[in-house]
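Peer 1: Build me a model from this:
(one chain, ligands or ions: 3)
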Amino acid sequence: MRQKIRKSIGYLALLLFPLSMNYFSPYLSVMAAMEGIIAGSVIVFFLMFLSGIVFGRSWCAFVCPMAGLSEMTNSINGKVVNRNKLSKVRYVIFSIWFSIILIFFILNGSIVGIRPLFMSENIISIDMPLKYITYYLVLGIFILINLLFGKRVACHSICWMSPFLEAGFWLGSKLKIKQLRILSISENCINCKKCNQVCPMSIDVMKSIERGYIKTKDCILCGECVDACPKVVLSYGFRQEE
Ligand code: SF4
Ligand code: SF4
Ligand code: SF4
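Peer 2: Residues are numbered from 1 along each chain as shown. Ligands and ions are numbered 1, 2, ... in the order given. Presented below is the predicted three-dimensional model:
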């Protein structure tokens with residue numbers, strides 16, 4: 001039941017993407033930064049950072065429009081991928097993009113204003129036919145990469161947003177805040193590997209359960225492993241980083 005609800009929320013977020021696209025836009029954040037303005041997407045990225053402090057990457061399982069899309073593509077190509085290699089691409093993309101934003105703010109001397117509806121005055125993101133090109137381009141790239149290369153490859157390799165969640169998660173760990181985690185009791189494990197098979201993030205869950213919780217920042221807390229485990233080895237809980 002939990003997975004049905006989670007996936008339904010993901011599909012709904014995907015359906016609403018024509019309304020919300022601007023609020024995740026890397027392009028609009030740069031255009032606004034050129035004028036020293038904080039756009040709506042930057043506010044969303046900041047909220048993602050804050051949510052990461054306590055809730056880690058849960059955004060990626062429950063809120064992001066691309067979560068719904070990834071559920072569909074994973075069911076077609078569920079190949080396990082090399083997370084560490086792919087994340088290097090993501091960090092390069094993020095560093096270049098984020099540096100551009102910072103440089104524009106520095107060149108402007110200060111932040112001159114906050115405009116949540118910057119270039120989105122009609123509130124909805126796709127308010128003219130031309131904007132469908134951007135919409136279909138974003139969806140097309142995500143679909144193509146995932147279908148060609150495997151489980152959530154686009155999330156691992158080109159997502160410009162997840163570093164904000166990761167930064168929040170890192171800060172929460174350093175501050176020893178109790179964070180939402182997948183906890184484990186490894187003694188109960190029967191090595192059936194069901195958790196590994198269902199994990200949408202290509203995490204070797206079985207290997208990770210020894211330390212009592214799943215530590216990697218790539219865990220999106222979707223709970224697929226929790227629900228697939230026949231021996232109640234895994235559960236949700238709040239705990240500090242060790
Ligand atoms: S990795 Fe990026 S695109 Fe994928 S679900 Fe998370 S925030 Fe969305
Ligand atoms: S480890 Fe479990 S909760 Fe984390 S991403 Fe994989 S299946 Fe989801
Ligand atoms: S699904 Fe549960 S019992 Fe099976 S390998 Fe994973 S943790 Fe162990």
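Peer 1: list the contacts for the residue positioned nearest the centre of the chain?
Peer 2: Residue closest to the average C-alpha location in the chain (Cα atoms, centre = their mean): residue 60, at 3.6 Å. Residues in contact with residue 60 (Cβ atoms under 8 Å, 6 or more residues apart in numbering) are 67, 155, 162, 165, 220. Quick note: C-beta positions are derived from backbone N, CA and C, even for glycine.
Peer 1: Pipe those into JSON lines and attach distance to residue 114 and neighbour count per row.
Peer 2: Below are the contacts of residue 60 laid out as JSON lines (distance: Cβ to Cβ, whole Å; neighbours: other Cβ atoms under 10 Å):
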{"residue": "67", "distance to residue 114": "28", "neighbour count": "24"}
{"residue": "155", "distance to residue 114": "29", "neighbour count": "29"}
{"residue": "162", "distance to residue 114": "24", "neighbour count": "25"}
{"residue": "165", "distance to residue 114": "22", "neighbour count": "26"}
{"residue": "220", "distance to residue 114": "29", "neighbour count": "25"}
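Peer 1: Tell me the one of those nearest ligand 3?
Peer 2: Comparing those against ligand 3 with Cβ to the nearest ligand atom places residue 220 closest, at 17.1 Å.
Peer 1: Next, work out how far apart the residue nearest to the centre of the chain and residue 159 are.
Peer 2: 8 Å (Cβ to Cβ, to the nearest Å).
Peer 1: Ok, residue 20 next?
Peer 2: Residue 20 sits 16 Å away from residue 159, going by Cβ to Cβ.
Peer 1: A strand includes residue 114, no?
Peer 2: Yes: counting by DSSP: H, G, I helix; E, B strand; the rest coil, residue 114 is part of a strand.
Peer 1: Give the bridge partners for it, please.
Peer 2: residue 38 (DSSP bridges).
Peer 1: Correct me if wrong: it contacts residue 37.
Peer 2: Yes: if you go by Cβ atoms under 8 Å, residue 114 and residue 37 touch, sitting 7.2 Å apart.
Peer 1: Looking at these two now, which is surrounded by more residues?
Peer 2: Higher neighbour count among residue 114 and residue 37: residue 37, with 21 against 13, using other Cβ atoms under 10 Å.
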